[in-house]
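A.B. asks: just coords:
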């Protein structure tokens, strides 16, 4: 009973983590819709604009695959500092040219930094969580990630209209301000992981085993982040007016931010599968409304805000739920591998969604693309329901950390597997 009263935000290292991801994600969120717009300004078409986000996510995934090696060779403080610098420093360089190739080059470097920060951040949130509060810690971490998106991504089109694209892009150097927090966060994580026992090292499973255990939450994450990436990349294009784009992006990101925190807390108390099904159906309905709203050549209809709120709730909530479920299914001894896999699923989905919607808009219409995404959400919900009738591959080795073991066992029993 006392475990549920443990404060998450006062856990050692947690404040450093929240501040670091806040500054890093501020630069990321600001440029997410602006860099594709900068490419269009330089003459790129819709596919070229989608390629910018796809490149960002592809290099993010590449970096995520190398984070374990970087942590082993450089340690936590230096790896975190490298991620912040790679994410922030290329932004002012990007402001000097709107050539698609120049944008893709600087975006590649930024993606490497983002990959480092995302894997380190989600891993640190799981490690630093107080006993029995892993869901709440992940929800709070998700809120720190989402708040910059909630404010800066919707504001980006208005800021561009007020100032100039190069000035806004140069502000993408904000992640450099996270450097003072890398040392404290690295030390806090090292203090929790400094002396792993032989049993813990032996319990670590191969990557293929971890992926098999957490396949369902990772596939769910891929589907919903594809829809989210499409919205975040192309809202300035299909919304038409800057004011409407600001409103639409704010509704989407604000709902997602709140849902990440709320669903993180709920994940400590309820079974993940029913929550997942509800949110996937919500995403399906939201995407269908968006598809109808952007169908005409005129300004989007009133259904667009409702659709974005529904999609935002699913987009944010499923991020927390799938991470908690993946960590529980894979076991605490596999946290780092699970974090890498989860982040790859998140960023692959974001890049894939933006690329496919850009291609759909060029070949047919935005409405067709959103209709296809809505159908994909319905299919994902059906898969989750069907998978509930099959047993899950549970970890066979005991976890040395009693608190983490209790959390995992409770989640597995709640899942009814």
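C.D. replies: On my side now, so go ahead. Everything quoted here is computed from the prediction, not taken from an experiment. Residues are numbered from 1 along each chain as shown.

A.B. asks: tell me which element the residue nearest in space to the middle of the chain falls in.
C.D. replies: The chain has residue 346 as the residue nearest its centroid, 5.1 Å off, counting by Cα atoms, centre = their mean. According to DSSP states H and E, residue 346 maps onto helix 335-363.

A.B. asks: packing partners of that helix?
C.D. replies: Applying 3 or more Cβ pairs under 8 Å, 6 or more residues apart in numbering; DSSP states H and E, we find helix 335-363 packed against helix 46-74, helix 100-128, helix 207-213, helix 215-239, helix 303-330, helix 366-387. C-beta coordinates here come from the backbone N, C-alpha and C atoms, glycine included.

A.B. asks: who touches the residue nearest to the centre of the chain in this structure?
C.D. replies: Applying Cβ atoms under 8 Å, 6 or more residues apart in numbering, one finds that residue 346 lies in contact with 118, 221, 225, 319.

A.B. asks: 6 Å - rerun?
C.D. replies: Going by Cβ atoms under 6 Å, 6 or more residues apart in numbering, residue 346 touches 221, 225.

A.B. asks: quick one: residue 56 and residue 88, what's the gap?
C.D. replies: 14 Å (Cβ to Cβ, to the nearest Å).

A.B. asks: of those two, who's got more company?
C.D. replies: Taking other Cβ atoms under 10 Å, residue 56 and residue 88 do not tie; residue 56 has more neighbours (30 against 25).

A.B. asks: just to check, that one is in contact with residue 107?
C.D. replies: Yes. With contacts counted by Cβ atoms under 6 Å, residue 56 reaches residue 107, the gap being 4.9 Å.

A.B. asks: where does residue 206 fall, phi/psi-wise?
C.D. replies: Per-residue torsions, residue 206: phi -60, psi 160 (degrees, to the nearest 10).

A.B. asks: so residue 145 is in which element?
C.D. replies: Applying DSSP H and E, one finds residue 145 within helix 134-162.

A.B. asks: so where's the stretch 201-350 of the chain shaky on pLDDT?
C.D. replies: For the stretch 201-350 of the chain, the stretches with pLDDT under 70 are 201-204, 240, 296-302.

A.B. asks: ok, 80 please
C.D. replies: Scanning the stretch 201-350 of the chain with the threshold set as pLDDT under 80 gives 201-207, 209-210, 233, 235-246, 295-302, 330-333, 336, 347, 350.

A.B. asks: quick revisit: any idea how far the residue nearest to the centre of the chain lies from residue 57?
C.D. replies: For residue 346 relative to residue 57 (Cβ to Cβ), the value is 9 Å.

A.B. asks: and what of residue 344?
C.D. replies: Distance of residue 344 to residue 57, given as Cβ to Cβ: 9 Å.

A.B. asks: more neighbours, those two?
C.D. replies: Neighbour count, other Cβ under 10 Å: between residue 344 and residue 57, residue 57 has more, with 27 against 22.

A.B. asks: pull the contacting residues for that one.
C.D. replies: Applying Cβ under 6 Å, 6+ apart, the residues near residue 57 are 347, 350, 351.

A.B. asks: now it, nearest residue through space, not along the chain?
C.D. replies: Nearest residue to residue 57 in three dimensions, chain neighbours excluded: residue 351, at 2.8 Å (Cβ to Cβ, 6 or more residues apart in numbering).

A.B. asks: can I assume that neighbour is in contact with residue 52?
C.D. replies: No. With contact defined as Cβ under 6 Å, residue 351 does not reach residue 52; the gap is 9.9 Å.

A.B. asks: chain center to stretch 238-249, what's the gap?
C.D. replies: Relative to its chain's centre, stretch 238-249 lies at 22 Å (Cα atoms, centre = their mean, to the nearest Å).

A.B. asks: swap in stretch 255-263?
C.D. replies: That offset, for stretch 255-263, works out to 12 Å (Cα atoms, centre = their mean).

A.B. asks: list of residues touching it?
C.D. replies: Outside stretch 255-263, the residues within contact range by Cβ under 6 Å, 6+ apart are 139, 142-143, 146-147, 150, 309, 312-313, 315-317, 319-321.

A.B. asks: most neighbours out of those, which is it?
C.D. replies: residue 316 (33 neighbours).

A.B. asks: what sits against it?
C.D. replies: Counted by Cβ under 6 Å, 6+ apart, residue 316 has contacts 256, 259, 260.

A.B. asks: want to throw those residues into JSON lines with distance to residue 71 and secondary structure?
C.D. replies: Below are these laid out as JSON lines (distance: Cβ to Cβ, whole Å; DSSP: H, G, I helix; E, B strand; the rest coil):
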{"residue": "256", "distance to residue 71": "29", "secondary structure": "helix"}
{"residue": "259", "distance to residue 71": "30", "secondary structure": "helix"}
{"residue": "260", "distance to residue 71": "25", "secondary structure": "helix"}
